[in-house]
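**Q** Predicted model, plus sequence, below.
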Amino acid sequence: MAAWRDVLRGAAAAVAALAGMAAVATAGLALLDAGRIGGFGGLTAAVVALAVGGSAEFDAVRAGDLPLVVRGGVGVVPLGVTLVGTVVLGWLLLRHRDRLLVRGAAAAVTFLAGVVAVVAAARGAVTLPGGGAALPGGAAAGGGSGVCGLPEVGPFGRGGSVGALDVGFSVPLWPTLAGAVAWVCAVVGLCWLVVRFRIAVRGALWVVGGLSAVCLLAAWAAGGAMAVGGVLLVLPLVVFGVLSLGLGVPWAVRSDGPLSCVLDGVAPPAPGGSLTWVASAVLLVLGIVVALAGARDGGPLRRAARDGAVTSAVVGVPLGVLALRAGVSVELGVGAFGFSFPLLEAWAATNPLAALGMGCAGGAAAGFAGSLLVRGALRWASVSWPAWRNRSGR
């Protein structure tokens, strides 16, 4: 009977995680006013599918004399949606610490079944506004060469200028399921580590929640509702980019194909610089939180080394995992008469091993320094407070 209760709890945790992800995706798209370009349900399902590791495929056909189809794909993870699903699933699985693997297995099966339903719903069409825009392979109306020096007669006609364009989108099932399996196994494995080594995560959740609230308020003040919608979907990606660059981890932008020249001169920010100070401040705050939540036994250097090791793992492992998920890829091609012609393949990513190594090193230094700061502050308070009370009592 207890085992069945845990099975139901695991299934409920998976349903709650999917519901939380859908809620965040819906809120972000609503703030971005995405309903004006396409069906809201299909777009929401597509964002959730992307959040668990899927990719979106699209195609556009122009009615005309030539049977030309523009096809492509976009791979980007809305990590804000992923983070909410991770927190909800992990928190519900950890509410009862015994029989964790039973609840985790039930959650995995239920979550994968839910992902199948999400992929089935993640299809539809969006209407892109035109108004004289130039498309790849065509210049603005009036003559001249097109993009990258190609002739102005593109796949959508001379001049490349079109009105509103309907673009169909869908999400492939098997790659999305593979990403979902990896994600849910990672969450269950993280929960097992928390239970096995009695890791306190409440402080880290408070730090994440506080940082998210500050960023959302700043986005509202700077750009209004649409800025909040964008931050809600990609905030962890922005934070990861700042931390990785601040720790000296470089990003790379690569492209291939006839239209690769459109990315000439496009490069990510250089690592280091002012971002180093931002990353150092964030990691030091995290090191202080770890020191406050850690054990008090042992000498100062021993405690500092232990807090440094914990902070190293807390920073390095997530950065390494995020580096695997934070890449962005775009593919674009043209199909005609049964043939396919690639036009552009572009991607931006960073090295996961470099992110893991630099994250571990930066986290260890921040944890060590934060522990010494906390112990020094506590020692100073223990000495100064009784002296102050004696003076004030006279």
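**A** Sure thing, it's come through.
**Q** what's the closest non-adjacent residue to Val181?
**A** Leu112 (6.8 Å; Cβ to Cβ, 6 or more residues apart in numbering). (Glycine included, C-beta is placed from N, CA and C.)
**Q** Check which helix or strand that neighbour maps to.
**A** helix 100-121 (DSSP states H and E).
**Q** With Asp307 instead?
**A** Judged by DSSP H and E, Asp307 forms part of helix 300-325.
**Q** Just the mean pLDDT for that helix, thanks.
**A** The average pLDDT for helix 300-325 rounds to 89.
**Q** what helices or strands is it leaning on?
**A** Helix 300-325 sits against helix 79-93, helix 202-246, helix 274-293, helix 352-393, with contacts defined as 3 or more Cβ pairs under 8 Å, 6 or more residues apart in numbering; DSSP states H and E.
**Q** can you tell me which of those helices comes nearest to Leu190?
**A** Each of these was scored for nearness to Leu190 using Cβ to Cβ, and the closest is helix 79-93 (6.5 Å).
**Q** before we move on, back to that, could you tell me the least trusted of the helices and strands packed on helix 300-325?
**A** The weakest mean pLDDT among those belongs to helix 352-393, with a mean of 81.
**Q** Assess the claim that Gly85 and Leu18 are in contact.
**A** Yes - if you go by Cβ atoms under 8 Å, Gly85 and Leu18 touch, sitting 7.2 Å apart.
**Q** Compare the two (neighbour count), which wins?
**A** Ranked by neighbour count (other Cβ atoms under 10 Å), Gly85 and Leu18 place Gly85 first, with 26 against 22.
**Q** so Thr350 bridges to which residues?
**A** Beta bridges link Thr350 to Trp251, judged by DSSP bridges.
**Q** My error: substitute Ala336 in the last question.
**A** Applying DSSP bridges, one finds that Ala336 bridges with Leu68, Phe339.
**Q** I figured it hits Leu68, correct?
**A** Yes - with contacts counted by Cβ under 8 Å, Ala336 reaches Leu68, the gap being 5.0 Å.
**Q** Show me which of these two is the more surrounded one.
**A** Neighbour count, other Cβ under 10 Å: between Ala336 and Leu68, Leu68 has more, with 19 against 12.
**Q** From the centroid of the chain, which residue is nearest?
**A** The centroid of the chain falls nearest to Leu79 when counting by Cα atoms, centre = their mean (2.1 Å).
**Q** which residues touch it?
**A** With contacts defined as Cβ atoms under 8 Å, 6 or more residues apart in numbering, the neighbours of Leu79 are 51, 234-237, 240, 322, 325-326.
**Q** can we see that at 10 Å?
**A** Leu79 sits next to 50-51, 86, 233-240, 322, 325-326 when contact means Cβ atoms under 10 Å, 6 or more residues apart in numbering.
**Q** before we move on, back to that, for the helices and strands packed on helix 300-325, give me CSV that also has distance to Ala22.
**A** Below are these laid out as CSV (distance: least, Cβ to Cβ, whole Å):
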stretch, distance to Ala22
helix 79-93, 8
helix 202-246, 13
helix 274-293, 29
helix 352-393, 29
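**Q** among those, which is nearest Ala34?
**A** That would be helix 202-246 among the helices and strands packed on helix 300-325, by Cβ to Cβ, at 8.3 Å.
**Q** same for that closest one, what does it pack against?
**A** Counting contacts by 3 or more Cβ pairs under 10 Å, 6 or more residues apart in numbering; DSSP states H and E, helix 202-246 is packed against helix 2-31, helix 40-51, helix 79-93, strand 251-256, helix 274-293, helix 300-325, strand 339-350, helix 352-393.
**Q** Same list, these, but as a markdown table with distance to Val116 please.
**A** What follows is these, written out as a markdown table (distance: least, Cβ to Cβ, whole Å):
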| stretch | distance to Val116 |
| --- | --- |
| helix 2-31 | 11 |
| helix 40-51 | 10 |
| helix 79-93 | 16 |
| strand 251-256 | 33 |
| helix 274-293 | 37 |
| helix 300-325 | 21 |
| strand 339-350 | 27 |
| helix 352-393 | 28 |
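**Q** re the thing from before, which one of the helices and strands packed on helix 300-325 is the most hemmed in?
**A** helix 79-93 (a mean of 23; mean count of other Cβ atoms under 10 Å).
**Q** What residues sit buried inside the helix holding Leu112?
**A** 100, 102-104, 106-108, 110-112, 114-115, 118-119, 121 (16 or more other Cβ atoms under 10 Å).
**Q** any idea of the angle that helix forms with helix 40-51?
**A** The directions of helix 100-121 and helix 40-51 differ by 130 degrees, with axes from the mean of the first three to the mean of the last three Cα atoms, to 10 degrees as the criterion.
**Q** Flag every buried residue along the helix or strand following helix 100-121.
**A** Of the helices and strands lying after helix 100-121 in sequence (DSSP H and E), the nearest is strand 124-128. Buried residues in strand 124-128, counted by 16+ other Cβ under 10 Å: 124, 126.
**Q** Could you number the chain from 69 rather than 1 from now on?
**A** Got it, the first residue is 69 from now on, which makes the last one we talked about strand 192-196.
**Q** now strand 192-196: mean pLDDT?
**A** In the prediction, strand 192-196 has an average pLDDT of 86.
**Q** try stretch 239-257
**A** 93.
**Q** export stretch 352-359 as PDB, just CAs?
**A** Taking Å, rounded to 0.1, in the frame of the first residue of the first chain, the C-alpha atoms of stretch 352-359 are listed here in PDB:
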ATOM      1  CA  LEU A 352      30.700  35.200  -2.900                       C
ATOM      2  CA  VAL A 353      27.100  35.700  -1.800                       C
ATOM      3  CA  LEU A 354      26.500  32.000  -2.600                       C
ATOM      4  CA  GLY A 355      29.700  31.100  -0.600                       C
ATOM      5  CA  ILE A 356      28.400  33.100   2.400                       C
ATOM      6  CA  VAL A 357      25.000  31.300   2.200                       C
ATOM      7  CA  VAL A 358      26.800  27.900   2.100                       C
ATOM      8  CA  ALA A 359      28.900  28.900   5.100                       C
END
